[in-house]
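Participant: pasted the sequence and its predicted model underneath.
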Amino acid sequence: LKNACLKCPGVAIDNEKHKILYQAQILRTDWSKLTCTISDGFHMIDAVLDSKAVSKFEKEYHRPIPTLTGSIVSCKKALFEASQDKFVLYLEDFDYIGDNSHMHKNPADLNQDAAVQAFLKVYLRDGDIGHISPEQEQILDAIRPTLSPKPSGGGPARGGAETLDASFGIDDEEGLTMMDAESPA
C-alpha cells in the first residue's frame, strides 16, 4: 500500500498495467457507507468501495457485501486521493480471493507513517497535479529506503516525522517552505 500511495497519488491504478497493488485484507467496515479499512499486512488505510465493484461481488459470489469483512481481496483498480490530512483509497475493482477470520500481522496506519505525512504535505500544497513535482521527487528519493516492508537501511524517515520535515523545510506552524540547498544549516 505504501509503495502505491507514494508512487501513484491521484493516478488511477490499473494493477494489470502498474503491478503495484496486490492482495489486501478487508478489516473494519461500515457497509452502509461502503467504507472499510484494508491492510496489506504492513499498513492499513481507510478505503471506499465502488458500488459497481460491490454489485459485481454480490452477483458473482452470491453473497452479501458484509461477508467480505476479514476477507482477502486482490486490488485490481484503485485510486489514492488526498483528503485534507490523509490519503484515502478508492477501490474501484477487486477480486475476492478467500476468507480469513483474523487480522493478518500487525499493520500500522499508513497515514501515520512519517514519510507519507511529509509527502502528503507537499502533495496537498502543490495540488492534485497528476505528476510528481521536483520537490516531491526529492522527498521520494530521501525515503526510498523505507518503501519496502523490510527497510534496507538509514534514510531520514528513521528519525521520524520531525527529522523528515526538517530536511525539507516543513514547519507546521508557519507553513511549508523549501530549504535552499546552499544555505547554512
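Facilitator: Sure, I can see it.

Participant: do a quick rundown of the strands in the protein.
Facilitator: Listed in chain order, the strands of the chain (DSSP state E) span 13-14, 23-30, 35-39, 43-49, 72-83, 86-98, 108-109, 170-171, 175-176.

Participant: Cys5 and Asn15, how far apart?
Facilitator: From Cys5 over to Asn15 the distance is 14 Å, taken as Cβ to Cβ, to the nearest Å. Yep, even glycine has a C-beta here, placed from its N, CA and C like the rest.

Participant: who has more neighbours out of these two?
Facilitator: Taking other Cβ atoms under 10 Å, Cys5 and Asn15 do not tie; Cys5 has more neighbours (26 against 18).

Participant: got any ranges where this protein has weak pLDDT?
Facilitator: Residue ranges of the chain with pLDDT under 70: 101, 103-104, 127-133, 136, 139-185.

Participant: all helices for it, in order.
Facilitator: In the chain, the segments counted as helices under DSSP state H are 2-7, 15-18, 51-61, 114-126, 134-143, 161-167.

Participant: of those, which approaches Leu91 most closely?
Facilitator: Nearest to Leu91 among the helices of the chain is helix 51-61; the distance by Cβ to Cβ comes to 6.6 Å.

Participant: between strand 72-83 and that closest one, find me the angle.
Facilitator: With axes from the mean of the first three to the mean of the last three Cα atoms, to 10 degrees defining the directions, helix 51-61 sits at 170 degrees from strand 72-83.
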